[in-house]
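Participant: No letters, just coordinates:
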C-alpha cells in the first residue's frame with residue numbers, strides 16, 4: 001500500500017477512544033428498535049477515529065449564542081466582483097465566483113485582476129450599519145474563496161489585499177466595524193485553492209501525497225493566522241472540502257477543528273470541514289453530525305412536515321437573492337430574484353425548524369451594494385424591528401404545521417407567523433394533547449378572538465387592521481400535561 005493511504009499522524013491513533021467505546025456499548029445494549037433521537041440507522045456502530053466528537057447538541061454559552069442569534073448575513077467578495085460574470089465579452093450565467101472555472105481562465109491571468117482591486121466606495125461602518133438595521137446578529141465574511149485571493153494580508157501567499165492598489169486589511173476593517181455594532185463575525189474559508197500549485201483534487205501517487213501535504217501545511221498556517229490575528233472571530237465556515245483529496249485526509253480535518261477550538265475558545269465550526277475514516281461528510285458513517293452544526297442547506301430548506309428530524313441537531317441554511325449568485329454578477333435578469341417577503345418567509349421557515357438563516361450579499365467591485373440588496377435589507381429590517389421576537393432565541397415548537405404559515409417558540413411563548421390568510425379569516429391551530437390556547441395577540445396590536453372548535457383544535461381570528469405582508473400573533477397557552485420540561489429536554 002502506498003504512503004498516501006497512510007497519512008495518519010501518530011497522535012491521532014488513540015483519538016476518541018472514550019466516545020468510540022461509549023457508542024459501542026450503547027449499540028450493544030440497544031433494542032432492535034432504533035432510538036428516534038438519533039439519525040443512526042444501523043444496529044452496530046462502526047469504530048471511527050475521525051467521526052463525531054459528541055452526541056447531541058453543544059449546550060455551552062457560545063453555542064447557545066450562535067443558536068439564539070438565528071439571523072445572519074453572508075458577504076461574498078473577491079476578485080470575481082471585478083468581471084461580474086463576464087469574460088472576454090461573454091456573459092456566463094453561472095455563479096460569478098466560479099467565473100474562472102466557467103471561462104477556463106489561467107490562474108496567473110485571473111490573479112492579475114488584483115491590479116484592479118481598489119474599492120473606492122468601500123465604507124465598512126456603513127456596511128455594519130446596514131447589517132444592524134436589517135436585524136442580523138452575525139455576518140459571515142469570505143476571507144478567501146476558491147480563487148485564492150485573501151481579504152487579509154496573509155504572510156503565506158502573495159495573493160492578498162496587501163499587494164493591490166487598495167493595500168489595507170479589508171478583513172480587519174470589517175471585523176472592527178461589525179464588532180462595534182455588536183454583530184458577531186464569522187469567517188468563511190475555502191480549503192480548495194485554485195491559486196496554489198500543490199492543491200490536488202485527488203491523491204493518486206506519492207508525488208500527489210507530498211504536494212498535498214505541503215498544501216495542508218499552508219492551509220493550516222493560514223487558519224492559525226486568521227484565528228490569531230482576529231481573536232474575536234466566533235465561527236469558521238468551511239467550503240471547498242468535497243474533493244477526494246480532503247476525504248482521504250480525514251485526520252487533518254479533525255486536527256484543524258481541534259486547533260481552531262484551542263486557539264479561539266468557544267468558536268464554532270460547520271459540518272463541511274469534516275470527513276470521517278471512510279470519506280463521509282457532514283454526518284459520519286454512523287449517522288452522527290460532525291462539527292457543531294449542519295451546513296448542508298444551501299439555497300434550500302428542509303420540508304416542514306417530512307424533515308422534522310433536523311430539529312435534533314443545530315443547523316444553518318444560507319440563501320441567495322438571485323437563483324444562484326453569491327458573488328457580484330452584473331446581470332441579475334438571467335435568473336429569478338426573490339422579493340423581500342420571500343426572504344422573510346425563508347428566515348421564519350428556518351427558525352420554525354430550529355435552524356439559522358444567512359442571507360447573502362455580493363458587493364460590487366467598488367465596495368458598494370446594488371439597489372436590490374439595499375432594498376431587501378431595508379424591508380427585512382423593518383419587519384424584524386416589529387416581529388423579531390418570533391425569531392431571536394426561538395426554536396421548533398413541535399406543533400402540527402398549518403397552511404397559513406409557521407410556528408416558532410421561546411419558552412412558553414408560541415408565535416404564529418402568518419403568510420397565507422385563508423378566505424375564512426380563521427387560522428387553524430392544532431395543539432399537542434393537554435395544551436390549551438387561552439388567548440392571542442397581534443404583535444404590535446390588539447387581542448384577537450380565539451374559538452375552541454374541537455379537542456386540541458382552535459380557530460384564531462385574523463386580527464383587524466393587519467399590516468400589509470406577513471404578520472405575527474403571539475399565543476397564550478396553558479399546559480396541564482406536565483410534559484413541558486420533557487419537551488425542552490427533547491430539543492437538546
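Facilitator: Happy to help now that I have it. Everything numeric in this text was worked out from a predicted model, so none of it was measured.

Participant: ranges for the helices of this protein?
Facilitator: Assigned by DSSP state H, the chain shows helices spanning 17-29, 61-69, 99-102, 107-111, 124-134, 170-180, 206-229, 244-247, 250-263, 340-352, 371-387, 484-491.

Participant: Mind giving me the packing neighbours of the second one?
Facilitator: Contacts of helix 61-69 with other secondary structure elements, assessed using 3 or more C-beta pairs under 8 Å, 6 or more residues apart in numbering; DSSP states H and E, are made with strand 268-269, strand 355-361. Every C-beta, even on glycine, is put in place using the N, C-alpha and C of the backbone.

Participant: Those strands: which one's closest to residue 99?
Facilitator: strand 355-361 (16.7 Å; C-beta to C-beta).

Participant: Give me the angle between that closest one and helix 340-352.
Facilitator: Angle between the axes of strand 355-361 and helix 340-352 is 150 degrees (criterion: axes from the mean of the first three to the mean of the last three C-alpha atoms, to 10 degrees).

Participant: Switch the helices and strands packed on helix 61-69 over to a markdown table; also include mean neighbour count and mean pLDDT.
Facilitator: Putting the helices and strands packed on helix 61-69 into a markdown table (neighbours: other C-beta atoms under 10 Å; pLDDT from 0 to 100) gives the following:
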| stretch | mean neighbour count | mean pLDDT |
| --- | --- | --- |
| strand 268-269 | 24 | 98 |
| strand 355-361 | 24 | 98 |
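
Participant: Is it possible to get those out as JSON lines so that each row also shows distance to residue 407?
Facilitator: As requested, those are exported to JSON lines (distance: least, C-beta to C-beta, whole Å):
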{"stretch": "strand 268-269", "distance to residue 407": "26"}
{"stretch": "strand 355-361", "distance to residue 407": "14"}
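
Participant: Could you report the separation of the nearest residue to residue 456 once chain neighbours are set aside from residue 462?
Facilitator: Leaving aside its chain neighbours, residue 456 sits nearest to residue 431 (4.9 Å; criterion: C-beta to C-beta, 6 or more residues apart in numbering). Applying C-beta to C-beta, to the nearest Å, the value for residue 431 to residue 462 is 19 Å.

Participant: between these two, which one's more packed in?
Facilitator: residue 431 (20 against 17; other C-beta atoms under 10 Å).

Participant: my guess is the more buried one meets residue 437, correct?
Facilitator: Yes. Proximity of residue 431 to residue 437 meets the contact threshold set by C-beta atoms under 8 Å, at 6.3 Å.

Participant: which neighbours do these two share?
Facilitator: Between them, residue 431 and residue 437 have 458, 477 as joint contacts when contacts are counted by C-beta atoms under 8 Å, 6 or more residues apart in numbering.

Participant: For stretch 48-67, buried residues please.
Facilitator: Buried positions in stretch 48-67, judged by neighbour count with 16 or more other C-beta atoms under 10 Å: 48-53, 55, 57-58, 62-63, 66-67.

Participant: what's the first-to-last distance across it?
Facilitator: 28 Å (C-alpha to C-alpha, to the nearest Å).

Participant: mind checking how far it is from the chain centre?
Facilitator: Distance, stretch centre to chain centre, for stretch 48-67: 15 Å (C-alpha atoms, centre = their mean, to the nearest Å).

Participant: Stretch 62-69 now?
Facilitator: 13 Å.

Participant: what's the answer for stretch 412-427, then?
Facilitator: With C-alpha atoms, centre = their mean, you get 28 Å for stretch 412-427.

Participant: how long is that stretch end to end?
Facilitator: Using C-alpha to C-alpha, the two ends of stretch 412-427 sit 20 Å apart.

Participant: So for that stretch, mean pLDDT?
Facilitator: Per-residue pLDDT values over stretch 412-427 give a mean of 96.

Participant: Kindly check the end-to-end length of stretch 259-271 for me.
Facilitator: First-to-last residue span, stretch 259-271, C-alpha to C-alpha: 16 Å.

Participant: low-confidence ranges in the stretch 351-492 of the chain?
Facilitator: Along the stretch 351-492 of the chain, the parts satisfying pLDDT under 70 run over 482-492.

Participant: can you map out the strands along it?
Facilitator: 355-361, 405-410, 413-418, 426-430, 435-442, 450-454, 457-461, 471-479 (DSSP state E, counting those that start in this stretch).

Participant: Can you say which of the ones you listed is nearest to residue 396?
Facilitator: strand 405-410 (7.0 Å).

Participant: And the closest one, what does it pack against?
Facilitator: By 3+ C-beta pairs under 8 Å, 6+ apart, strand 405-410 packs against helix 340-352, strand 413-418.

Participant: Show me the shaky parts of the stretch 1-150 of the chain.
Facilitator: For the stretch 1-150 of the chain, the stretches with pLDDT under 70 are 1-43.

Participant: What are the neighbouring residues in contact with the residue most central in space within the chain?
Facilitator: The centre of the chain sits closest to residue 316, judged by C-alpha atoms, centre = their mean, with a distance of 3.8 Å. Applying C-beta under 8 Å, 6+ apart to residue 316 gives the contacts 72, 270, 293, 294, 295, 297, 350, 355, 356, 357, 358.

Participant: How about residue 462, nearest residue that isn't a chain neighbour?
Facilitator: Nearest residue to residue 462, sequence neighbours excluded (C-beta to C-beta, 6+ apart): residue 425, at 4.2 Å.

Participant: What is the neighbour count of the one you found?
Facilitator: 13.

Participant: Equivalent analysis for residue 457, please.
Facilitator: Other residues lying near residue 457 total 14 when counted by other C-beta under 10 Å.

Participant: With residue 296 instead?
Facilitator: Residues near residue 296, counting by other C-beta under 10 Å: 16.

Participant: who's in contact with it?
Facilitator: Taking C-beta under 8 Å, 6+ apart as the test, what residue 296 contacts is 271, 272, 282, 315.

Participant: ok, now with 6 Å
Facilitator: If a contact means C-beta atoms under 6 Å, 6 or more residues apart in numbering, then residue 296 has residue 282 as its contacts.

Participant: again with residue 320
Facilitator: Contacts of residue 320 (C-beta under 6 Å, 6+ apart): 326, 360.

Participant: quick one on the thing from earlier: which of the contacts of residue 316 lies closest to residue 309?
Facilitator: Closest to residue 309 out of the contacts of residue 316 is residue 294 (10.9 Å), distances taken as C-beta to C-beta.

Participant: So residue 188 sits against residue 145, correct?
Facilitator: No. Applying C-beta atoms under 6 Å, one finds residue 188 not in contact with residue 145, separated by 7.7 Å.

Participant: In terms of packing, which of those two has more residues around it?
Facilitator: Neighbour count, other C-beta under 10 Å: between residue 188 and residue 145, residue 145 has more, with 27 against 23.

Participant: Next, find the distance separating the more buried one from residue 162.
Facilitator: 17 Å.

Participant: Alright, calling it a day.
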